[in-house]
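[1] Provide a 3D model corresponding to the input given below.
(2 chains)
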Amino acid sequence: MTTLHLINKTPSESTALGDSLATLSEGDALLLIENGVYAAMPAYAEHFTRLPRTIQCYLLNNDALARGLNDLNPDFAAIDYDGFVELSCRYSKVVSWF
Amino acid sequence: MIFSIVITGAPYSSQASASALQFSRSVLKLGHSIHRVFFYADGVHSGSALAAPPQDETNIPLEWAALAREHQLDLVVCIAAAVRRGVLDEGEARRYEKSGHNLASGFTLSGLGQLVEAGIVSDRVVTFGV
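    Residues are numbered from 1 along each chain as shown, chains lettered A, B, ... in the order given. This next block holds a predicted model:
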């Protein structure tokens, strides 16, 4: 059972990212959406340095572009809404953190 | 795959309903189905027929109703969350003796049981909130 974890807040406005990072299991994935994409800014990179290699990290590019963000953390793969749907199918559960 | 979508954020205050709309369009485009869209807590405002955003902005209630018409979606607004926030259908307006009702066409008021049933029937439940 693998889980896709959705984060929609910046690390400074919510503990959602930290809470989810503490519970990730091997093979899970993290997807940043809405304001969550700010967590892929280089300033937040240290949050992700100790993640196991089996954890895939993604960000919703539509939301990054809407916020004018570029030069984001290269550990995050940029996807669109179709990719979001495909990830939702690939992982057996989708959990939104608030 | 069968999806259900839960929305707990109000349109224009949060991105939840707009994100859920775009996600739902992709779900349907990729050949999956949506068993139900459940509007809960502040998400009930997506079902207001009285929302009148500027013409160059997305009219979220209208967009949901159009998507529902095109794909026969079941748009359910939590009745307890809705009536306390002033989103009423004709029957609830009569019950509470209100002067008007504003649940947009294409939406129905119902209970949390509909969310539980959606969780049982669907392969994936995806929540958009605040």
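[2] In contact with A:Asn73, which residues?
    A:Ala40, A:Met41, A:Pro42, A:Tyr44, A:Ala45, A:Phe48, A:Cys57 (C-beta atoms under 8 Å, 6 or more residues apart in numbering or on different chains). To be clear about C-beta, it is placed using only N, CA and C from the backbone, and glycine gets the same treatment.
[3] Mind telling me what element it is part of?
    Under the criterion of DSSP states H and E, A:Asn73 resides outside all helices and strands.
[4] just the CA coordinates of the host helix or strand of B:Val77, formatted as CSV?
    Using DSSP H and E, B:Val77 falls within strand B:75-78. Taking C-alpha atoms only, strand B:75-78 is exported to CSV below (Å, rounded to 0.1, in the frame of the first residue of the first chain):
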residue,chain,number,x,y,z
LEU,B,75,-22.8,17.2,-7.1
VAL,B,76,-23.8,16.8,-3.5
VAL,B,77,-23.7,19.7,-1.0
CYS,B,78,-23.6,18.7,2.7
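[5] If any of the contacts of A:Asn73 are buried, put those into a ChimeraX selection.
    ChimeraX command restricting the contacts of A:Asn73 to the buried ones, with burial defined by 16 or more other C-beta atoms under 10 Å in any protein chain shown:
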select /A:40,41,44,48,57
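[6] want to throw the contacts of A:Asn73 into JSON lines with distance to A:Leu24, pLDDT and secondary structure?
    What follows is those, written out as JSON lines (distance: C-beta to C-beta, whole Å; pLDDT from 0 to 100; DSSP: H, G, I helix; E, B strand; the rest coil):
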{"residue": "A:Ala40", "distance to A:Leu24": "16", "pLDDT": "98", "secondary structure": "helix"}
{"residue": "A:Met41", "distance to A:Leu24": "20", "pLDDT": "97", "secondary structure": "coil"}
{"residue": "A:Pro42", "distance to A:Leu24": "21", "pLDDT": "96", "secondary structure": "helix"}
{"residue": "A:Tyr44", "distance to A:Leu24": "16", "pLDDT": "95", "secondary structure": "helix"}
{"residue": "A:Ala45", "distance to A:Leu24": "17", "pLDDT": "95", "secondary structure": "helix"}
{"residue": "A:Phe48", "distance to A:Leu24": "11", "pLDDT": "95", "secondary structure": "helix"}
{"residue": "A:Cys57", "distance to A:Leu24": "10", "pLDDT": "98", "secondary structure": "strand"}
